[in-house]
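In: Structure for this input, please:
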Amino acid sequence: MAVLYLSAFWLIQANWPLTMAAAKLVTGWMACTILAIARYGSHTTPPSETAWPQGHLFRIFIIGINAMVTIIFSTRISVWLAISIPVALGGLYAIGLGVLYMGITARAFRVIIALLTILIGFEIIYSAVERSILVTAMLSVINLGLALIGGYFLTIEESEVAL
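Out: Presented below is the predicted three-dimensional model:
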C-alpha cells in the first residue's frame with residue numbers, strides 16, 4: 001500500500017502543487033501505519049478463504065483483463081475529462097484492482113485495503129479535474145477514517161476468535 005500511495009503521489013503532483021500532493025502521500029502512509037499497527041496487534045491467524053475461484057493463475061488472468069479494460073477506457077476517459085492518459089491509466093487501473101480485490105475476498109482487512117485502493121484511483125483522477133483544498137482535506141479524512149475502521153474491525157475479529 002505504501003508503494004501504491006507513492007505512485008499516486010507521483011501522478012497527483014503533476015496536477016497539484018507539491019504541498020497538496022505531499023499531504024496525500026503523508027495521509028496515505030499514516031493510513032498504512034494505522035493498518036500495520038492493527039495487523040501487528042492481532043495475533044490470530046485469519047481463516048482461509050475456500051471460495052472458488054482461487055489460485056495464482058486466476059488472479060493473473062483477472063489482472064490482465066483489468067489491464068486491457070483500463071487501456072481501452074483510459075483514452076475515452078482522458079478525452080471526456082480532459083486529463084492526461086497516464087493519469088487516466090493509473091486511476092482506472094487502481095479502481096479496477098480495488099474492485100477486483102474486493103470481489104474475491106471476504107476478510108475485513110483485505111476489504112479495507114480494497115476500499116483504500118479504489119479511493120486512491122478516484123483521487124488520482126480527481127486531482128486532474130479539481131484542485132480544491134477542502135475536498136483534498138475531506139478525502140484525507142476519509143482515508144484515515146477507513147484505516148481506523150479497518151483497525152477496529154481487526155481488533156473485533158481477534159476478540160471474536162478469542163471467545
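In: use CA for all of it now, contacts and neighbours both
Out: Fine.
In: Which secondary structure state does residue 83 sit in?
Out: Look at residue 83: counting by DSSP: H, G, I helix; E, B strand; the rest coil, its state is coil.
In: and the residue minimising distance to the centre of the chain, what does it touch?
Out: By C-alpha atoms, centre = their mean, the chain has its centre lying nearest to residue 117, at 1.0 Å. Contacts for residue 117 (C-alpha atoms under 8 Å, 6 or more residues apart in numbering) come out as 94, 95, 97, 98.
In: wait, which of those residues is closest to residue 27?
Out: residue 94 (17.4 Å; C-alpha to C-alpha).
In: for this protein, what helix or strand is lowest in average pLDDT?
Out: helix 133-162 (a mean of 84; mean pLDDT, DSSP states H and E).
In: what residue ranges in this structure score low on pLDDT?
Out: Confidence mapping of the chain against pLDDT under 70 gives the ranges 41-54, 158-163.
In: which residues in it form strands?
Out: For the chain, strands defined by DSSP state E do not occur.
In: Which neighbouring elements make contact with the least confident helix or strand of the chain?
Out: Applying 3 or more C-alpha pairs under 8 Å, 6 or more residues apart in numbering; DSSP states H and E, we find helix 133-162 packed against helix 18-41, helix 108-129.
In: Name the residues of the shortest one that are buried.
Out: It stands for helix 108-129. Within helix 108-129, the residues scored as buried using 16 or more other C-alpha atoms under 10 Å are 108-128.
In: The longest one too?
Out: Of the residues in helix 18-41, those with enough neighbours to count as buried (16+ other C-alpha under 10 Å) are 20-22, 24-32, 34-35, 38-39.
In: Compute the inter-axis angle for that helix and helix 108-129.
Out: Counting by axes from the mean of the first three to the mean of the last three C-alpha atoms, to 10 degrees, helix 18-41 points 180 degrees away from the direction of helix 108-129.
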